[in-house]
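**Q** Build me a model from this:
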Amino acid sequence: MSAKQTFILAAVCSLFASGAFAQTGILDKAVGGYTFKDAAMEAPDTKNYNSADGKLTFAIVTHTAGNGFFDPVYTGAKVAADLFGINLIMLGSEAPVDDIPREIEIINQVIQDPTIDGLILTTPQSGAYDDIVKSLLDRGVHVATTNSYDGAIYNRNSISHTGQDASAAAIGGEAMAKCILDGGISGGTIVFPNTTTLGNVEVNNRITAAFEATVKALNAAGKLGDFVVDAGPENIGIDVDKDNIVASVASLIESRGDVVGAFAANGFVTPALGNAIAQLNAGDKICSFGFDLGPAQQEQIKAGHLDGSLGQQPFLQGFWPVAQLYLEIDRGISAANLDTRAQLVTKEGVPLLLI
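**A** Coordinates of the predicted model:
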């Protein structure tokens, strides 16, 4: 080290030691004169909001708590609740598949609880939650929706939503088309199995987005005419049997005889697609992609039974609604939406998610 470098290093160390750098730009008061420490304190009436019992109580209810997808949602909600000192009640349909009537039944029980100050709910069936939301808002209970989106829900513009738009499924459709084209596959059938009878508009819209993206990518490559791209008569999926889901998806693939691509759009059909491909030993023949990243999907990607799946960052779908409701109550902050987007995970990314 030269004498000049030694001098500069000594000068820098002297500045750090004197605290000159550490003190530069520090703010402890706002322009209005109050301290940030005081401003950061919780409002004195927050814990007695609405139910006036000395604590905030939020409930979170989902339409399927039985397949693992919502586990990180509940975890995220719990982390936020603990940070803000909120009593969190975690509820949901016990079924491994969408069970909207059961979700509504649970929410109607929540409505009767006088200690509830905030409700977070998923809204997969458009129009099914209006009376619930109106009843809660009339009582002063704050409401936030997460995961599935109902654009027409009562008082939509005053209710925050956390989740991804169904159009994010286009990422999966593009990935599937790329897999097919990069694999040099000259033709065949691409299918989009779905449980359309369950009436989940969000999932149906995902199928449409993935279908349109697949068609667009194949057409741009000049290869669309070589493939049959089948998402059912309304482009919301080919209906499969929810009560015998794996066998139904396997039967769909076998019945076509030339399936080279398949896309599923939720945490129920996607694992079934992976299991069906495993049963048919077709992992090297079919480019398969799905939606949601529960434990089953991650293991299937790792094993080669799925080429990839889309995650929607479910931890945020629990964390942010709790934080948002707290901010509405404590700070008077208006409902703010959070787009969690979609994350394509393939075999290379799975080890990170499994840790």
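**Q** What strand or helix carries the closest residue to K78 other than its chain neighbours?
**A** Nearest non-adjacent residue to K78, counting by C-beta to C-beta, 6 or more residues apart in numbering: L88, 5.9 Å away. C-beta here means a position set from N, CA and C on the backbone, and glycine is covered the same way. Using DSSP states H and E, L88 maps to strand 87-92.
**Q** Extract the C-alpha set from that strand and format it as CSV.
**A** Coordinates of each C-alpha in strand 87-92 appear next as CSV, following Å, rounded to 0.1, in the frame of the first residue of the first chain:
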residue,chain,number,x,y,z
ASN,A,87,-55.3,-11.7,18.1
LEU,A,88,-55.6,-13.7,14.9
ILE,A,89,-58.3,-16.4,14.3
MET,A,90,-57.4,-18.7,11.4
LEU,A,91,-60.3,-20.5,9.7
GLY,A,92,-61.0,-22.2,6.4
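**Q** Quick one: mean pLDDT over it.
**A** Strand 87-92 shows a mean pLDDT of 98.
**Q** any residues touching that strand, and which ones?
**A** 55-65, 70, 74, 77-78, 81, 103, 106, 110, 116, 322 (C-beta atoms under 8 Å, 6 or more residues apart in numbering).
**Q** The residue nearest to K78: neighbouring residues, count only.
**A** Neighbours of L88 under the rule other C-beta atoms under 10 Å: 21.
**Q** what do you get for K178?
**A** 14.
**Q** May I ask you to confirm that it is in contact with L218?
**A** No. In this structure K178 lies outside contact range of L218 using C-beta atoms under 8 Å: 10.0 Å.
**Q** Using PDB, write down the CA coordinates of the helix ranked longest in the chain.
**A** The residue-count maximum for a helix in the chain (DSSP state H) belongs to helix 201-220. The C-alpha trace of helix 201-220 is given here as PDB (Å, rounded to 0.1, in the frame of the first residue of the first chain):
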ATOM      1  CA  VAL A 201     -64.100 -17.500 -11.900                       C
ATOM      2  CA  GLU A 202     -60.500 -16.600 -11.000                       C
ATOM      3  CA  VAL A 203     -59.300 -20.100 -11.900                       C
ATOM      4  CA  ASN A 204     -61.300 -20.200 -15.100                       C
ATOM      5  CA  ASN A 205     -59.800 -16.800 -16.100                       C
ATOM      6  CA  ARG A 206     -56.300 -18.200 -15.500                       C
ATOM      7  CA  ILE A 207     -57.000 -21.000 -18.000                       C
ATOM      8  CA  THR A 208     -58.100 -18.400 -20.500                       C
ATOM      9  CA  ALA A 209     -55.000 -16.300 -20.000                       C
ATOM     10  CA  ALA A 210     -52.700 -19.300 -20.300                       C
ATOM     11  CA  PHE A 211     -54.500 -20.600 -23.400                       C
ATOM     12  CA  GLU A 212     -54.300 -17.300 -25.100                       C
ATOM     13  CA  ALA A 213     -50.600 -16.900 -24.300                       C
ATOM     14  CA  THR A 214     -49.900 -20.400 -25.600                       C
ATOM     15  CA  VAL A 215     -51.700 -19.700 -28.900                       C
ATOM     16  CA  LYS A 216     -50.000 -16.400 -29.300                       C
ATOM     17  CA  ALA A 217     -46.500 -17.900 -28.700                       C
ATOM     18  CA  LEU A 218     -47.100 -20.800 -31.100                       C
ATOM     19  CA  ASN A 219     -48.500 -18.400 -33.700                       C
ATOM     20  CA  ALA A 220     -45.600 -16.000 -33.400                       C
END
